[in-house]
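1. just to be clear, the model below is a prediction. Sequence and coordinates:
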Amino acid sequence: MRTLFLISILFFSLSFSAQNKNVNALRINTAPKIDGLLEDSCWTNAEVAKDFIQRDLHPGLPSEQKADVKFVYDDEAIYIGAQLYDSSPDSILRELSTRDNEANADLFGVLFDTYNDDINAYGFYVTAAGTQIDARYSGQTQDFEWNAVWVSAVKINKNGWAIEFKIPYSALRFSKQSEQVWGMNVCRKIRRLREMSFWNPVDPKIESLVRQFGDLSGLKDIKPPVRLSFTPYVAGILNHYPYNDPTIENLTYNFSGGMDVKYGLSDAFTLDMTLVPDFSQVQSDNQVLNLSPFEVQFQERRPFFTEGTELFNKGGLFYSRRVGGTPFDYYNAYAQLNSGEKVIRNPAQTQLINATKLSGRTDKKLGIGIFNALSNTSWATLQDSAGDARQVLTSPLTNYNIVVLDQALKNNSSVSLINTNVTREGHFYDANVTGTVLRFNDKTNRYTIGGRGVLSSRMFSDSAQADNGYSANFDFGKNGGNFKWNIYGSLNTDRYNPNDLGILTLTNNMETGLILGYHIYKPFWIVNNLHNNITFQYQRMYNPNAFWNFGIYGNHNTTFTKRFVTCGINYGIEPIITYDYYEARVPNRFYTYPVNYNFGGFISTDYRKPFAFDISTHYHPFNENERVYFDLWISPRYRVNNRLSFIYEIGNNLKNDDIGFVNYDAASDTITFGRRDMHTVNNILSSVYKFSNKMSLSFRLRHYWSTAQYKEYYQLGKDGYLNSYAYQNNHDVNFNAFNIDMVFFWQFAPGSELNIVWKNSLLKRESEIDPDYYNNFTGSLNSPQNNMISVKVLYYIDYNTVRRGFRK
């Protein structure tokens, strides 16, 4: 028996590294009805893809449940039919969820590398509850914000569950060759077993998913259709804010319309355009009290800027929130106030006129991406005591442009050129950033070497000389197998600034480091896996060339086998006094940051159960007086049934005796610092009710309260140390942010949606601190709030569907 077991392990180990599997697709004359029943005759003679191999939990071993998958096609689409066998059909998990959310459900997916170039792929997934998930893959990046229009159906049956897909060719890009072989893989997740298996084996030690596909052959005489679609929209917005000023309207309304257009210029290139876009319905940003010298980076939630942007993100030079974001000179309105004047209107976002993306890859594997957007001028309105108003320009007409050339090489290697440009009308400066990115991998994709060089320029209208800076970095390491390592280095000059269309928090610095990792992917002892990482980091300033920081940081995490509880620890030490050139906010001045340590951990319980929770904590002491930071975050979640669920998050952050910048007096060259106690409480309640996999009602409430109470003020000396200082001004802060986002969503036809959104918001910053959380919460509820209700309808129109309709 032991010999047979060893032989079976050897067999599956060999199959894990064997040649790619192949399955043939069958051409049909009559398309199947997409109902999840698999009763159409076209499935009878189709070849079967079977014998799935686990990636999780037991890499290389066969799946615990059988699966049969078939592929057929005609001139319009490719169809997938699958029977996923299950010994306990009544145990199949099938929680309903909104689109692109997996939730607590079994999953089936098909991935196509239509050019078989081991670079790009499309993924189409469906849960056992019928929810669609789709994604695009490029190299080692994945984009689940990409949405295609396709049809699917699932049915639970006595043998398990069955799936049928119809994926129109208009949802894909592929060549015009008469006979084609696509890279392809099929995956299945059995949620209750925590098993993830693939038809063509996927080794978790190898980071590239697309390079581990099998082949789909037999595709003959399929032609890329005209890929042209229109998604017009109409929207109405009603906004109310109690200004308590008879000269300002409390209630305003607006009606708008626009359109998204997608057009396939060829079989490989697609043009995306959005005309007069409306983003009023995206989720509210998580506003915070920011006393640091660094900009807060907000998540991008606007669909046009999250879909199909993998090329434009090459090199990390594009921060899409710059486009249509805060006006360039937003605070100029307040600086221009005369005696007796007040600001009655100052838009916090510029209006986009249009945005365009062109992207694709040639048959020589050259990726080309062009992005262009135009934002309108923005004006603030100022009014004096007599009621007379005037306008102040806060943002000029602005053009944003990105050009990317990405030459893919063998072994998933690449060479890229990226250029970003911002051109502003009038006397405002323009900006340009040009960068090159290199990445070379060996044939096993285990060893990699890469680098990047970037030049930034700002051109001012009153100067013939540009403000130039540059950035460079390199890395070399092993990113496959159990043991991984990486050596890296980077340099940013003091004049380097990509922030007109990108985002960089730390500039004027040099850094070198070593990252070591050891990972066990197969179950052993009482755990499913084990991940260990430790980083050594050394940092210097570029100008002046001075020591900044040295630190050692580590983290370790695992998941236990029986209860599927994931837990981990993290720690760090900065054993040498740090010279912080950023907190001082004045060139060549620094604050002497004390030796400090930190350690923490987290626990995440099994999400398959109706009740689960996450908890994390962090403790950060300093070698200075009573200075210490402590953070605790708890998030319980409860699934009432397959339609209704709740998630609650509460975070409590304490910073005792924190030291930070307060003020700079240029006349006396005095930098004032303060010792303060900071307390932050963040509460978020989220819930969603799913009427079906195409209709839902979601609710999100967030209250954020943060205080900074100053205990003592200091003058920062030239040596970086603090000296007692008689400073009279009050810089205490009591900050509240309150938001409600309630969204009704209905996909009433493929690609067509109705959204009704209610948004409630409040931002309040005061100098008098109320230490009672309840008073702050009720005070937020009772304070003047902005309320917005918007209704938006999008309707998807596909050129090929319209053309076939006319032919009938």
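-> Happy to help now that I have it.
2. what's the pLDDT at N244?
-> Predicted confidence (pLDDT) for N244: 84.
3. can you pull out the helices in the stretch 251-400 of the chain?
-> With DSSP state H, counting those that start in this stretch, the ranges of helices along the stretch 251-400 of the chain come out as 303-306, 332-335.
4. deepest of the ones you listed, which one?
-> Per-stretch averages of neighbours, counted by mean count of other C-beta atoms under 10 Å, single out helix 303-306 among the helices of the stretch 251-400 of the chain, with a mean of 20. Just so you know, the C-beta spots here come from the backbone N, C-alpha and C atoms, and that holds for glycine as well.
5. let me have the helices of the stretch 251-400 of the chain in CSV, extended by distance to N653 and mean pLDDT.
-> Listed next are the helices of the stretch 251-400 of the chain as CSV, based on distance: least, C-beta to C-beta, whole Å; pLDDT from 0 to 100:
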stretch, distance to N653, mean pLDDT
helix 303-306, 29, 89
helix 332-335, 30, 90
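6. redo those as a markdown table? Include distance to V437.
-> Formatted as a markdown table, the helices of the stretch 251-400 of the chain follow (distance: least, C-beta to C-beta, whole Å):
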| stretch | distance to V437 |
| --- | --- |
| helix 303-306 | 21 |
| helix 332-335 | 36 |
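7. first to last residue in stretch 45-61, what's the distance?
-> One end of stretch 45-61 sits 29 Å from the other (C-alpha to C-alpha, to the nearest Å).
8. show me the contact partners of that stretch.
-> 12-13, 15-16, 21, 23-26, 62-63, 66-72, 81, 186, 188, 193-204, 521-523, 528 (C-beta atoms under 8 Å, 6 or more residues apart in numbering).
9. on that earlier part again, and of the helices of the stretch 251-400 of the chain, who's closest to R322?
-> Across the helices of the stretch 251-400 of the chain, R322 has its closest neighbour in helix 303-306 (10.2 Å, C-beta to C-beta).
10. by contact count, what packs against that closest one?
-> Applying 3 or more C-beta pairs under 8 Å, 6 or more residues apart in numbering; DSSP states H and E, one finds that helix 303-306 contacts strand 352-361.
11. the strand it packs on packs against which elements?
-> Using 3+ C-beta pairs under 8 Å, 6+ apart, strand 352-361 sits against strand 269-275, helix 303-306, strand 366-375.
12. any idea of the mean pLDDT in it?
-> So the average pLDDT for strand 352-361 ends up being 94.
13. buried ones in it?
-> If you call a residue buried by 16 or more other C-beta atoms under 10 Å, then strand 352-361 has these buried ones: L352, I353, A355, T356, K357, L358, S359, G360, R361.
14. make CSV out of those and add distance to G489.
-> Formatted as CSV, the buried residues of strand 352-361 follow (distance: C-beta to C-beta, whole Å):
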residue, distance to G489
L352, 38
I353, 42
A355, 36
T356, 37
K357, 33
L358, 35
S359, 31
G360, 34
R361, 31
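15. what is the most widely separated pair among the residues you listed?
-> I353 and R361 (28.9 Å).
16. element containing N239, please.
-> In this structure, N239 sits in strand 228-240 according to DSSP states H and E.
17. in its sheet, what does that strand sit against?
-> strand 251-264 (antiparallel), strand 786-794 (antiparallel), strand 797-798 (antiparallel) (DSSP bridges).
18. could these go into a markdown table alongside distance to G751?
-> Below are these laid out as a markdown table (distance: least, C-beta to C-beta, whole Å):
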| stretch | distance to G751 |
| --- | --- |
| strand 251-264 | 10 |
| strand 786-794 | 8 |
| strand 797-798 | 8 |
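19. now do the strands in the stretch 101-250 of the chain.
-> Using DSSP state E, counting those that start in this stretch, the strands of the stretch 101-250 of the chain run over residues 107-113, 120-127, 132-138, 141-143, 151-157, 160-168, 179-190, 195-198, 214-220, 228-240.
20. least reliable of the ones you listed going by mean pLDDT?
-> strand 141-143 (a mean of 87).
21. who's in contact with that one?
-> Applying C-beta under 8 Å, 6+ apart, the external contacts of strand 141-143 come out as G123, A135, R136, Y137, L209, T306, E307, G308, T309, E310, N313.
22. for the first one, list each beta-bridge partner.
-> This points to G123. Beta-bridge partners, per DSSP bridges, of G123: L111, A135.
23. ok, L271 to Y169 distance?
-> 18 Å (C-beta to C-beta, to the nearest Å).
24. I meant to write D267 there.
-> 10 Å.
25. for stretch 180-199, how far is the first residue from the last?
-> OK, stretch 180-199 end separation, C-alpha to C-alpha: 20 Å.
26. quick one, helices of the protein?
-> For the chain, the helices defined by DSSP state H cover 2-16, 303-306, 332-335, 773-782, 799-807.
27. select from these the stretch with the lowest mean pLDDT.
-> helix 2-16 (a mean of 37).
28. what about the strands in the stretch 451-600 of the chain?
-> According to DSSP E, counting those that start in this stretch, the strands that the stretch 451-600 of the chain contains are 467-478, 483-492, 509-520, 527-541, 547-560, 566-574, 578-580, 591-593, 596-604.
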